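Engineer: Sharing a sequence plus its predicted fold:
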Amino acid sequence: MQKFVFVTVNGLEDVAAQELKEVFEGAVITKKLPGRVILSLNKKYSKKWLGKKIKNLCGIDTVYSLLTIFKFKTLDDIAENTKKIKFGFKGTFAVHCKREGSHDFKANDAEARIGEIIFETGKKVDLKNPDNVVYVDILDDLCLIGFLIVANLCKREYRVRINSRSITGCLAHLVLKLAGVKKNSKVLDPFCKDGVIAIEASLLKCKVYAFDADAGNIKATKINAQLAKTKLNVSSCPLDWIETKFKKHELDAIVTVPHYSKFLKHEELKKMYKELVSQAIHASKRLVVVCINEQQVDIFNELAKGAKLKFEKHSAFVGEMIYTILDYSINP
């Protein structure tokens, strides 16, 4: 049985796991770690077959086959466990390490130490163009070692115009899946910024609307959408136009990262978000907002309570950013 580790957005492992089970029929989720899902396949598959499957996973950043997983205290512990591995690969190799947590060593220290151990078994090193990449994934006191299959999938090639308040493609995709978005769903992002949520929805074959009051954001969205080869309905519309654009509960979901500025007063933010909630209650069956700070969360919670909306709360961690995702159900 082959085991693979799929690196995803920390906090949204359940969403990623559900998609993995849909793509890899018959596969078993054997373990979930922060930002990681370990999947077991009941037979050996070719890299070509895996590559085709992985293309359908827009919420995954990195994939590697798993050789071993163990707990450690020091870099020496990692070295001793590495010596137990039988590296039967052919060709050259390099070691890449990803490290999360507090340790008394750096990622390149681990790369050098493990690389030396493998080199002493007679394997040749090629740091520029290796045939094999030994992937060392360090998470707090846990170390996973395997062979890298693909990395940096969250970096979308279409995103040449990036808004600093936007989110990654992987996070956008997973938030859309969390919102129950699927093929032919009608989706609106009324604060589209650089268009990442709208474009990811379009890649899911939804009918997508992208609004923004800022002309620069509209231009960025159109450029990125063109590069992504997706079709969007892009308009420079204020929030209060939503009820004139759409019939009662016509939209399956409004998914957005609400506009925020430290220069806006609390009451100004509250007025804007109240309009968003009001418009969502009219035009959509669901509202999912991605908040970047507690002030936004508090305002939306207050508004939801006043409107008697039920919601689920999720946290997502991307780099140094902590996002709070509020998923509101609107009864048509």
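Structural biologist: Looks like it came in fine.
Engineer: could you pull out the helices for the stretch 201-332 of the chain?
Structural biologist: 215-228, 242-245, 266-283, 294-307 (DSSP state H, counting those that start in this stretch).
Engineer: In JSON lines, list these along with mean neighbour count, mean pLDDT and distance to Gly88.
Structural biologist: Where you see a C-beta, it was placed from the backbone N, CA and C, and this is true even at glycine. Output for the helices of the stretch 201-332 of the chain, formatted as JSON lines (neighbours: other CB atoms under 10 Å; pLDDT from 0 to 100; distance: least, CB to CB, whole Å):
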{"stretch": "helix 215-228", "mean neighbour count": "18", "mean pLDDT": "96", "distance to Gly88": "40"}
{"stretch": "helix 242-245", "mean neighbour count": "16", "mean pLDDT": "94", "distance to Gly88": "59"}
{"stretch": "helix 266-283", "mean neighbour count": "17", "mean pLDDT": "97", "distance to Gly88": "56"}
{"stretch": "helix 294-307", "mean neighbour count": "16", "mean pLDDT": "95", "distance to Gly88": "50"}
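Engineer: how about those in JSON lines, adding distance to Leu174?
Structural biologist: Output for the helices of the stretch 201-332 of the chain, formatted as JSON lines (distance: least, CB to CB, whole Å):
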{"stretch": "helix 215-228", "distance to Leu174": "18"}
{"stretch": "helix 242-245", "distance to Leu174": "24"}
{"stretch": "helix 266-283", "distance to Leu174": "20"}
{"stretch": "helix 294-307", "distance to Leu174": "19"}
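Engineer: so which of those helices comes closest to Ile145?
Structural biologist: helix 215-228 (35.0 Å; CB to CB).
Engineer: which strands and helices sit next to the closest one?
Structural biologist: For helix 215-228, the packing partners by 3 or more CB pairs under 8 Å, 6 or more residues apart in numbering; DSSP states H and E come out as helix 196-203, strand 233-235.
Engineer: Centre of the chain to it, how far?
Structural biologist: Mean C-alpha position of helix 215-228 versus that of the full chain (CA atoms, centre = their mean, to the nearest Å) differs by 21 Å.
Engineer: Single out the most deeply packed of the helices and strands packed on helix 215-228.
Structural biologist: helix 196-203 (a mean of 28; mean count of other CB atoms under 10 Å).
Engineer: So Leu153 sits against Ile60, correct?
Structural biologist: Yes. Applying CB atoms under 8 Å as the test, Leu153 and Ile60 come out as touching, 5.8 Å apart.
Engineer: Would you agree Lys274 is in contact with Leu303?
Structural biologist: Yes. At 5.6 Å, Lys274 and Leu303 qualify as touching, with contact defined as CB under 8 Å.
Engineer: what's the following helix or strand after the least confident helix or strand in the chain by mean pLDDT?
Structural biologist: Least confident helix or strand, the chain: helix 47-54 with a mean of 83, by mean pLDDT, DSSP states H and E. Beyond helix 47-54 on the C-terminal side, the first helix or strand identified by DSSP states H and E is strand 62-71.
Engineer: Next, the angle from that next one to helix 47-54.
Structural biologist: With axes from the mean of the first three to the mean of the last three CA atoms, to 10 degrees applied, the angle from strand 62-71 to helix 47-54 works out at 100 degrees.
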